[in-house]
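Enquirer: Build the 3D model from these lines:
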Amino acid sequence: QVTLVESGGALVQAGDSLRLSCTASDRSFRIDTMGWFRQAPGKEREFVATMTYRTRRTTYADSLKGRFTISRDNGENTVSLQMSSLKPEDTAVYYCAADYWDRYGLQTPESFGLWGEGTQVTVSS
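Expert: Numbering: from 1, shown residues only. So this is what the prediction gives:
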């Protein structure tokens, strides 16, 4: 079973930028869709963004377009999330999500079969 390992979570101030990364443990097996969800305390897990492997199509949560940018290094089975102009409401645990199949356009947690353990992002005001 492939595992996903996130990194980059931190405590930052409002307006700062932060970059998260996620790497799949088995780089010999191609994962099609990789991306991110987040979960704030007391709230449901929320879709952030994904990118597919072959077509490199991206999907973003409408509320995050323009501030968050997703990218992939297919050779390394790595996905990154560049976050800018961070707000206190961006505070959450950010989870890497992935699936071996094309999950373009899907935004529910149930659509993804692989998950990381999460990395904490805290934005202070």
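
Enquirer: Go ahead and confirm residue 19 touches residue 79.
Expert: No: assessed by Cβ atoms under 8 Å, residue 19 is found out of contact with residue 79, at 11.3 Å. Heads up, the C-betas are built off the backbone N, CA and C, glycines and all.

Enquirer: between the two, who's got more neighbours?
Expert: A count of neighbours by other Cβ atoms under 10 Å puts residue 79 above the other of residue 19 and residue 79, at 29 against 14.

Enquirer: Where does that one sit: helix, strand or coil?
Expert: Recorded secondary structure, residue 79: strand (DSSP: H, G, I helix; E, B strand; the rest coil).

Enquirer: can I assume residue 63 sits in a strand?
Expert: No: per three-state DSSP, residue 63 lies outside any strand segment and is helix.

Enquirer: any idea how far it is from residue 14?
Expert: Noted for residue 63: a distance of 16 Å to residue 14, by Cβ to Cβ, to the nearest Å.

Enquirer: swap in residue 5?
Expert: 28 Å.

Enquirer: ok, now residue 108?
Expert: 29 Å.

Enquirer: Tell me which of those two has more neighbours.
Expert: Between residue 108 and residue 14, residue 14 has the larger neighbour count (other Cβ under 10 Å), namely 13 against 10.

Enquirer: Once you drop chain neighbours, what's closest to the more buried one?
Expert: residue 125 (5.2 Å; Cβ to Cβ, 6 or more residues apart in numbering).

Enquirer: same question, residue 94
Expert: Nearest non-adjacent residue to residue 94, counting by Cβ to Cβ, 6+ apart: residue 38, 4.8 Å away.

Enquirer: ok, the one you found touching residue 92?
Expert: Yes: using Cβ under 8 Å, residue 38 is in contact with residue 92, at 3.9 Å.

Enquirer: Now for the residue nearest to residue 14, how many residues are close by?
Expert: Residues near residue 125, counting by other Cβ under 10 Å: 9.

Enquirer: No further questions, thank you.
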